[in-house]
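**Student:** pasting the sequence and the predicted coordinates here, then a few questions.
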Amino acid sequence: MRSPQHVRTSQHSDRHTEQHSTERVGPTVPECVTVPFGTADPVSTADPVSTADPVSANAPVSTTDPVGATAPAVPSRKLFVALACADADWPYEDWPAPDDPYVGRALPVSPPYRALRESPLEGAVDVVVLRCQDPAVAFPELLRAMGAMSAPVVVVSPRRDCETVVEVFRGGAGYLVDGDYCITMLSSAVMAAAVGHAYLSPTACTALREAAARMPRGGEATERMRSLLSPREREIMELLATGLGAQEIGVRLGLSEKTVRNNLSNIYAKLDARGSTEAVLKWLGAALPIRV
């Protein structure tokens, strides 16, 4: 199975979420996170693992990390997306919008997805978005149909249990839970996938972190990693791991939000993490094998 080099959580940034709250497809939810995928196992937290990325029930992790992460850069050309709809038609007929900064065209593909390897899609698809009821069945089926295709995948599903989210994440795909994202997040998830990140919506980030919290800790290796941080940075990580965002951490510690974000940037560098979710995963010492 392919796996992106970085995983993004849907915490695309607190500002990002606020700006687009009116565009949500479902009920209002916290921002998302972005988590890096690859060299280090991103599952020890909430992104990303993003993610985006948020680190808590109120700050989910997705491909863009809301706590200190930046939004994906606008591509030199707009992306071509294949919509693999396993159970029903694609519900958002007006996506992508003409002014979408990332996605230029989306074409539906029905099971068994043979069209992905035929003209005009063969070699032209940048990202595949899989919408399904049960990723445990539909995701492997899609990967088999894709064969040697290198296009990354974003899964959209109502399933929000830890096992499902973890398996999709291990498979290298981003994950958006129905009702837990907006159209803007969908486009950001596609862009994140195109540049090697896995974007997770808030609920998916929370599920991933819950799964990570139940995993065996890293023992001495984790303690050595934690020793790289200053006392203040450790305080911040302890709070980050509970799901608090930068602003909430600042209130707890009597620091400005800017100071907290600066500390988080230093922490991510020391832990070699791309965002809050991956940082939390490493901090918790969870080891999640990623299939490649």
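**Tutor:** All right, it came through fine.
**Student:** name the nearest residue to residue 117, ignoring sequence neighbours.
**Tutor:** Of all residues not flanking residue 117 in the chain, residue 147 sits nearest, at 6.4 Å (CB to CB, 6 or more residues apart in numbering). Using the backbone N, CA and C atoms, a C-beta is placed for each residue, glycine as well.
**Student:** wait, the one you found sits on residue 114?
**Tutor:** No. At 10.2 Å, residue 147 and residue 114 do not qualify as touching, with contact defined as CB atoms under 8 Å.
**Student:** who has more neighbours out of these two?
**Tutor:** More crowded of residue 147 and residue 114, by other CB atoms under 10 Å: residue 114, with 11 against 8.
**Student:** ignoring the adjacent residues along the chain, who's closest to that one?
**Tutor:** residue 145 (6.6 Å).
**Student:** same check on residue 104?
**Tutor:** Per CB to CB, 6+ apart, closest to residue 104 is residue 78, 2.8 Å.
**Student:** for stretch 236-250, buried residues please.
**Tutor:** 236, 237, 239, 240, 241, 243, 244, 245, 246, 248, 249, 250 (16 or more other CB atoms under 10 Å).
**Student:** next one: stretch 205-216
**Tutor:** For stretch 205-216, by 16+ other CB under 10 Å, it's 205, 206, 207, 208, 209, 210, 211, 212, 213, 215.
**Student:** and of these, the nearest to residue 163?
**Tutor:** Nearest to residue 163 among these is residue 211, at 7.6 Å by CB to CB.
**Student:** is it true that that closest one touches residue 164?
**Tutor:** No. Judged on CB under 8 Å, residue 211 makes no contact with residue 164 at a distance of 10.1 Å.
**Student:** all the strands of this protein, residue numbers only.
**Tutor:** Per DSSP state E, the chain carries strands over the ranges 33-35, 79-85, 103-109, 127-131, 153-157, 174-177, 198-200.
**Student:** determine which stretch of these is the most buried.
**Tutor:** Of those, the one with the most neighbours on average (mean count of other CB atoms under 10 Å) is strand 33-35, at a mean of 47.
**Student:** what's residue 232 in contact with, if anything?
**Tutor:** By CB atoms under 8 Å, 6 or more residues apart in numbering, the residues touching residue 232 are 253, 263.
**Student:** repeat that with 10 Å
**Tutor:** With contacts defined as CB atoms under 10 Å, 6 or more residues apart in numbering, residue 232 is in contact with 253, 255, 259, 260, 263, 266, 267.
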